[in-house]
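In: build me a model from this:
(2 chains)
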2 protein chains.
Amino acid sequence: MASLPVAVDAMGGDRAPEEIVAGALQAREEDGIEVLLVGDPERIGDTGHIPVLAASEVIGMDDDPGQGVRTKKDSSLVRAAEAVRDSKALAMVSAGNTGAAMASALLRIGRMKGISRPAIATPIPDLGSTPTVLLDSGANAECSALMLSQFARMGAAYSRCRYGVAEPSVALLSIGEEKSKGTPLVREVHQLLSADASIRFVGNVEGRDLLRGAADVVVTDGFTGNVALKCLEGSLRFFMDTLLGVLASDDAAKAASEVLLPKLAPIAAELDPEGTGGAMLLGIDGVCVISHGSSSRRAVASAIKVAHDLALNGLVPSLGAALLAGTG
Amino acid sequence: MASLPVAVDAMGGDRAPEEIVAGALQAREEDGIEVLLVGDPERIGDTGHIPVLAASEVIGMDDDPGQGVRTKKDSSLVRAAEAVRDSKALAMVSAGNTGAAMASALLRIGRMKGISRPAIATPIPDLGSTPTVLLDSGANAECSALMLSQFARMGAAYSRCRYGVAEPSVALLSIGEEKSKGTPLVREVHQLLSADASIRFVGNVEGRDLLRGAADVVVTDGFTGNVALKCLEGSLRFFMDTLLGVLASDDAAKAASEVLLPKLAPIAAELDPEGTGGAMLLGIDGVCVISHGSSSRRAVASAIKVAHDLALNGLVPSLGAALLAGTG
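Out: Sure, this is the predicted structure:
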């Protein structure tokens, strides 16, 4: 294959490097995607035919992102970002420290022209339909109105590029549907998005609408987005655990579970963050996928495929065109 | 009975006045609580022995709260608040416009001494334990550090008074456990709460911890709190609907549901917002319970009982003492 590989941070994530390496192997075997594993060759071990880019340091999950990137210049995350910068890789994938992944991408690959700050876009499953893209889901705890209006455009371009939604609906997360609801920032952004002819703005949505597929893209600041996303994740886990407890509570329930589990399994699979391919850092001059910290090999393989496909499909130029739309 | 009645806004809520009146009757019959129904006597109809305080106007769900209270002086909400102010009622209950209930209470009953702004405290069920109190869940879209530190003290006093938790744990909602995480406001509040010897501060929690009973009280601004609460409500509904769909999907599933529904019903009941007694407006110089807009008679009866019990148990003096603690 002539195509460039996807650089994968082999040291990032709760189950690194074993599950990361296994995911890379899976992506190569099942999808024919070339991978470059980045990290400590000794700890990575046998990778079959997958090349390894040596990096002696690791930015841990608890390290300060900015400081980690500045001081650990030979870390797997920094080296993965440099591989993208130096055109040695198509895209990068990490299941490690989210803030450090963002800082590495920002400092080594750089921002897209005209963008104020990058955002993390996370897919929220919508059963039987394309996911709702929530952004920012945690990159920027504080946002300006300009940032949020750029997130709206980038989110729409991402929904088109990744999910093939021709004219994605874009909503603003608030605490009521009326444009008068929310903080002064939210009200200002509501006005900006209403006036933006380059997107299909459908108004405010509330927290309860996120699992309803009420819009293709939902825009919010990184603090609210992160709280909302973790509320949904926590609820999913809570309900799954509660239901499994009931299904195992006695013999009659166990018999009932034999009927129900095959019906519930595909729904659970569709809701499982492991299968979504991870979150995408938008606004970087390259493709950077951030996979869940607890990613299994399946999640890693899925993230590699998403990164590969979006790099080849021209995600970055699409975002650039969306940012420029109507500003001339 | 010599005790004062609970003033109930008969016109507020999606199912008013029928379910409100039925709830008032239930509270009187089952709990022996005196009620004063406030609203249009013709629309209220037959109330048995329950007295009616006539009010000719209604502040609708979509009315602007401040304007509604200023212009509709003979509305059921304003008259209910005046009944508390004039010592004709122990407490007030409404399932109507939340903002207008707060504005009525603020403008007619008034703030507690020393309080910056009132907050809405909503119970989040914790299976088999006392609920987690989330505040502010929507009264103030923007908050100062002082407000949030007052919410922490009021929330702790409320958890003691309502749920009998001797030393409630208080947490701050953020996007990571470390004190460095979150917005500048959240970091400042973290410092204030860490230094407040009158509460048992346990640090930051995340969205995924809200259903885990990670703390007795979780403090946040009204925008984030409202989004989080609605995410949880939306998830609950989504999972219930999905599960019921699976349980009705064919004959084998229906047979399984006969085994499972009796086991799931008590869990669903414990999670149901209808059974929690509603949200409490804290920081008002009186007891004001805000019931869910879709409240049934059961929810209304439960809210009346909570309002009655907390007024007699001295919620307001307890909050006052908590606010003063350590400030002398």
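In: for chain A, which segments count as helices?
Out: For chain A, applying DSSP state H gives helices covering A:18-31, A:41-44, A:65-71, A:76-85, A:98-104, A:145-163, A:184-194, A:222-247, A:251-271, A:297-312, A:315-324.
In: for the third one, give the mean pLDDT please.
Out: What that stands for is helix A:65-71. When pLDDT is averaged over helix A:65-71, the result is 93.
In: list the buried ones in that helix?
Out: Residues of helix A:65-71 classed as buried under the neighbour-count rule (16 or more other Cβ atoms under 10 Å in any protein chain shown) are A:65, A:68, A:69. Every C-beta, even on glycine, is put in place using the N, C-alpha and C of the backbone.
In: so that helix, near chain B or not?
Out: No: Helix A:65-71 lies apart from chain B when judged by Cβ under 8 Å from any Cβ of the partner chain; the minimum separation is 10.4 Å.
In: need the residues that contact that helix.
Out: Residues from elsewhere that reach helix A:65-71 (Cβ atoms under 8 Å, 6 or more residues apart in numbering or on different chains): A:59, A:60, A:75, A:77, A:78, A:97, A:99, A:100, A:102, A:103, A:104, A:107.
In: rerun that using 10 Å as the cut-off
Out: A:57-60, A:62-64, A:75, A:77-78, A:81, A:96-108 (Cβ atoms under 10 Å, 6 or more residues apart in numbering or on different chains).
In: and the last one, by the same measure?
Out: Helix A:315-324 has contacts (Cβ under 10 Å, 6+ apart) with A:91, A:109, A:112-116, A:150, A:152-158, A:160-162, A:198-199, A:280, A:282-287, A:306-307, A:309-310, A:314.
In: that older thread, for residue B:127, find the nearest of the helices of chain A.
Out: Smallest distance to residue B:127 across the helices of chain A (Cβ to Cβ): 7.4 Å, for helix A:222-247.
In: that closest one vs chain B: in contact?
Out: Yes: using Cβ under 10 Å from any Cβ of the partner chain, helix A:222-247 reaches chain B at A:222-240, A:242-243, A:245-247.
In: filter these down to the buried ones.
Out: Buried, going by 16+ other Cβ under 10 Å: A:222-236, A:238-239, A:242-243, A:246-247, out of the residues of helix A:222-247 next to chain B.
In: burial check on residue A:318, number of neighbours?
Out: Residue A:318 has 18 neighbouring residues, counting by other Cβ atoms under 10 Å in any protein chain shown.
In: and it, how far is that from residue B:207?
Out: Shown here: residue A:318 relative to residue B:207, a distance of 31 Å by Cβ to Cβ, to the nearest Å.
In: for chain B, what's its nearest residue on the stretch 51-200 of chain A.
Out: Relative to chain B, the nearest point of the stretch 51-200 of chain A is residue A:175 (4.1 Å; Cβ to the nearest Cβ).
In: how about that residue: what's its closest non-neighbour residue?
Out: Excluding its sequence neighbours, the residue lying closest to residue A:175 (Cβ to Cβ, 6 or more residues apart in numbering or on different chains) is residue B:226, at 4.1 Å.
In: list the contacts of the one you found.
Out: So residue B:226 contacts A:174-176, A:181-182, A:206-207, A:224, B:98, B:120, B:122, B:134, B:136-141, B:220 (Cβ under 10 Å, 6+ apart).
In: repeat that with 7 Å
Out: A:175, B:137, B:138 (Cβ atoms under 7 Å, 6 or more residues apart in numbering or on different chains).
In: residues in contact with the first one?
Out: Residues in contact with residue A:175, defined by Cβ under 7 Å, 6+ apart, are A:181, A:182, A:206, B:138, B:141, B:223, B:226, B:227.
In: which parts of the stretch 101-250 of chain A sit against chain B?
Out: Residues of the stretch 101-250 of chain A that fall close to chain B, judged by Cβ under 7 Å from any Cβ of the partner chain: A:138, A:141-142, A:173, A:175, A:182-183, A:206-212, A:223-224, A:226-235, A:238-239, A:242, A:246, A:249.
In: so what sits opposite the spatially most central residue of chain A in the bridge?
Out: Taking Cα atoms, centre = their mean, the centroid of chain A lies closest to residue A:279, which sits 0.4 Å from it. Taking DSSP bridges as the rule, residue A:279 bridges to residue A:290.
In: by mean pLDDT, point me to the weakest helix or strand of chain A.
Out: Least confident element among the helices and strands of chain A, by mean pLDDT, DSSP states H and E: helix A:251-271 (a mean of 91).
In: returning to what we had before: make a PyMOL selection of the buried ones in the contacts of helix A:65-71.
Out: A single PyMOL command is used to select the members of those judged buried by 16+ other Cβ under 10 Å:
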select buried, chain A and resi 57+58+59+63+64+75+77+78+81+96+97+98+99+100+101+102+103+104+105+106+107+108
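In: pop the domain breakdown of chain A in here.
Out: Domain assignment for chain A by automatic domain parsing gives A:1-115+A:283-328, A:123-275.
In: how about residue A:17: what's its closest non-neighbour residue?
Out: residue A:10 (4.6 Å).
In: what about that neighbour, how many residues close to it?
Out: Residue A:10, neighbours per other Cβ under 10 Å, totals 35.
In: kindly report the same for the one 4 residues further on.
Out: Close neighbours of residue A:14, defined as other Cβ under 10 Å, add up to 13.
In: need the per-residue pLDDT for it.
Out: pLDDT, read off for residue A:14, is 93.
In: also residue A:128?
Out: 87.
In: export the contacts of residue B:226 to CSV and append columns for pLDDT.
Out: Formatted as CSV, the contacts of residue B:226 follow (pLDDT from 0 to 100):
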residue, pLDDT
A:175, 95
B:137, 95
B:138, 92
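In: just those now: which is nearest residue B:39?
Out: Closest to residue B:39, out of all of the contacts of residue B:226 and judged by Cβ to Cβ, is residue B:138, at 24.0 Å.
In: which non-adjacent residue is nearest the closest one?
Out: residue B:226 (3.9 Å).
In: same check on residue A:184?
Out: residue B:142 (7.1 Å).
In: count the neighbours of the one you found for me.
Out: 14.
In: dump the residue contacts of the residue lying closest to residue A:72 once chain neighbours are set aside.
Out: Closest residue in space to residue A:72, ignoring its immediate chain neighbours: residue A:57 at 4.2 Å, by Cβ to Cβ, 6+ apart. By Cβ under 7 Å, 6+ apart, residue A:57 lies in contact with A:72, A:74, A:75.
In: related to what we said a few turns ago, pLDDT score for the residue nearest to the centre of chain A?
Out: Residue A:279 is assigned a pLDDT of 95 by the prediction.
In: quick check: the residue lying closest to residue A:268 once chain neighbours are set aside vs residue A:289, distance?
Out: Leaving out its chain neighbours, the residue that sits closest to residue A:268 by Cβ to Cβ, 6+ apart is residue A:240, at 6.7 Å. Separation of residue A:240 from residue A:289 (Cβ to Cβ) stands at 25 Å.
In: what do you get for residue A:259?
Out: With the distance defined as Cβ to Cβ, residue A:259 ends up 38 Å from residue A:289.
In: what's opposite the closest residue to residue A:287 other than its chain neighbours in the beta bridge?
Out: Counting by Cβ to Cβ, 6+ apart, residue A:287 lies nearest to residue A:91, which is 3.6 Å off, once chain neighbours are set aside. Per DSSP bridges, the residues bridged to residue A:91 are residue A:6, residue A:287.
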